[in-house]
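Student: fold the following for me, if possible:
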Amino acid sequence: MKNWAGNLEYSSADVRRPESVEELASIVAAAPRIKALGSRHSFNRVGDTDGVHVLLDALPQQVEVDAGRGTVRVSGGVSYGALCRTLEDSGVAIHNLASLPHISVAGAVQTGTHGSGVDNPSLAGAVESIDLVRASGEQVRLTRDDGDEFLASVVGIGALGIVTGLELAVRPSFRMRQRVLEDLPWDTALSDFSTIVSSAYSVSLFTDYTGNSINQVWLKALDGEAPLQNLFGATPALRPRHPLPDMSAENCTAQMDEPGLWLDRLPHFRHEFTPSNGDELQSEFILPLEHGPAALQAVRALAADLAPLLFVSEVRTGAADEFWLSPFHRRQSVALHFTWKPLQAEVEAFLPVLEEALRPFGARPHWGKLFTPDGYDWEALYPRFNDFRAFAAGHDPQGKFRNALLDSILGVPARR
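Tutor: Residues are numbered from 1 along each chain as shown. Purely as a prediction, here's the structure:
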């Protein structure tokens, strides 16, 4: 098996597809090494194992809305696209979505995946409870009332158990409009950065860091909000756009200020579009919002070496949260996302240069994308990192949920 991008082949010796949580628990209890695979939209080996891989798509796919409590209970293997259609049928929504709605709920939450918007938490921010199968095969449900155990487990990078279900907060359905601006001058983007990224419910900037202007600004506004008057020197796009300038916008969500449902505007790509294996690689680095302009300047200084490796970079934002290993832990943040050409050796050679440029700003890498794990002081970046490491050792003393990447981050467990 390979991941979505096709840049890595998994190392598992066996693949199982349990049809019930009880069957999954038995498999977990018996396996010396095990990991779950969802939509396989990770670009590194965070979900790899040399033992057993379990696929969760044969488990009962539950999506149950409790309008009275304002929540939905969803199986971990369900995709956001499937979840959102059911939510809309019930007249409710979730607060935000990633750019691609085809990813699984559990995998996105476990790796700290997010959408955009200065006041919008990551996808994990909606979690009210989480169901896990621990290394022993024990089935547990943790809620916000469980305090530290809950805050450690929601963004758990697969180290604390296999996620079988989540309860998410929902809100009444809402409508949005989306428009694209072009050629935002870099000088204005840097001087008015906070104002620009706060100018709509969700804002994304697309750039290759060359030239005097940012290619595109995607604005996703709540329907009924006053239209943006100050365009900051950019010009409105005269036709629907794809983030890549030479690509057709056919598979992108509707633009041109056309009102529509939240689930058809918050992602960049339509759910009915089924993406093929992506001929791309991805990295992402999340840092405090106030450092955004200086960090962008530092990346621009690398443009001569960066641009030939890059399809496009997306700049987006997110609200602070309390999850121990969330890249947004206790920081309102800006995220610099890099969609690379499928040049793995060249990208991996360049990453330490990029990471060094972003190090002064306290950049945290996205757990499911390409980064160099031995280049980080994890204890300095995450105040509860040592506590998380202790939780991982306590819940998985034999390291059955570990792999080489997690060992390099958390340290090799003393297996017994």
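Student: quick one: the helices in the stretch 301-416 of the chain?
Tutor: In the stretch 301-416 of the chain, the segments counted as helices under DSSP state H, counting those that start in this stretch are 303-306, 344-358, 378-381, 385-395, 404-410.
Student: for Q229, find the nearest of the ones you listed.
Tutor: helix 303-306 (31.4 Å; Cβ to Cβ). For every residue, glycine as well, the C-beta is placed using N, CA and C.
Student: take the helices of the stretch 301-416 of the chain and lay them out in JSON lines including distance to I162, mean neighbour count and mean pLDDT.
Tutor: Putting those into JSON lines (distance: least, Cβ to Cβ, whole Å; neighbours: other Cβ atoms under 10 Å; pLDDT from 0 to 100) gives the following:
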{"stretch": "helix 303-306", "distance to I162": "37", "mean neighbour count": "14", "mean pLDDT": "98"}
{"stretch": "helix 344-358", "distance to I162": "28", "mean neighbour count": "16", "mean pLDDT": "98"}
{"stretch": "helix 378-381", "distance to I162": "23", "mean neighbour count": "13", "mean pLDDT": "97"}
{"stretch": "helix 385-395", "distance to I162": "12", "mean neighbour count": "17", "mean pLDDT": "96"}
{"stretch": "helix 404-410", "distance to I162": "14", "mean neighbour count": "18", "mean pLDDT": "96"}
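Student: adding distance to A58, write those out as TSV.
Tutor: Shown next, in TSV, are the helices of the stretch 301-416 of the chain (distance: least, Cβ to Cβ, whole Å):
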stretch	distance to A58
helix 303-306	42
helix 344-358	32
helix 378-381	35
helix 385-395	25
helix 404-410	26
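Student: wait, which of those helices is closest to S11?
Tutor: helix 404-410 (9.1 Å).
Student: what's the closest one in contact with?
Tutor: 44-46, 48, 157-159, 373-374, 378, 388-389, 392, 399, 402, 413 (Cβ atoms under 8 Å, 6 or more residues apart in numbering).
Student: out of the helices of the stretch 301-416 of the chain, nearest to G68?
Tutor: Comparing the helices of the stretch 301-416 of the chain under Cβ to Cβ, the one sitting nearest is helix 385-395, at 33.0 Å.
Student: Y382 touches F323, doesn't it?
Tutor: No. Using Cβ atoms under 8 Å as the test, Y382 is too far from F323 to be in contact (10.1 Å).
Student: any residues in contact with both of these two?
Tutor: With Cβ under 8 Å, 6+ apart as the test, Y382 and F323 both reach H329.
Student: more neighbours: those two, which one.
Tutor: F323 (25 against 20; other Cβ atoms under 10 Å).
Student: was I right about that one contacting L160?
Tutor: No. With contact defined as Cβ under 8 Å, F323 does not reach L160; the gap is 11.9 Å.
Student: who touches both of these two?
Tutor: Counting by Cβ under 8 Å, 6+ apart, the shared contacts of F323 and L160 are A152.
Student: contacting residues around E284?
Tutor: 335-338, 365-366, 369.
Student: need those in CSV (columns: distance to L184).
Tutor: Below are the contacts of E284 laid out as CSV (distance: Cβ to Cβ, whole Å):
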residue, distance to L184
A335, 18
L336, 16
H337, 17
F338, 19
P365, 26
H366, 24
K369, 25
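Student: and of the residues you listed, the nearest to F174?
Tutor: Of those, the one sitting nearest to F174 (Cβ to Cβ) turns out to be A335, at 23.4 Å.
Student: what's opposite that closest one in the beta bridge?
Tutor: Going by DSSP bridges, A335 is paired in beta bridges with I286, R316.
Student: number of nearby residues for it?
Tutor: 26.
Student: where does the most centrally placed residue in the chain fall, secondary structure wise?
Tutor: Residue closest to the average C-alpha location in the chain (Cα atoms, centre = their mean): T113, at 1.7 Å. In the assignment (DSSP states H and E), T113 maps to no helix and no strand.
Student: list the contacts of it.
Tutor: 98, 103, 107, 122-123, 366, 368.
Student: ok, 6 Å please
Tutor: When contacts are counted by Cβ atoms under 6 Å, 6 or more residues apart in numbering, T113 touches 98, 123.
Student: now do the same for it: its pLDDT.
Tutor: At T113, the pLDDT value in this model is 96.
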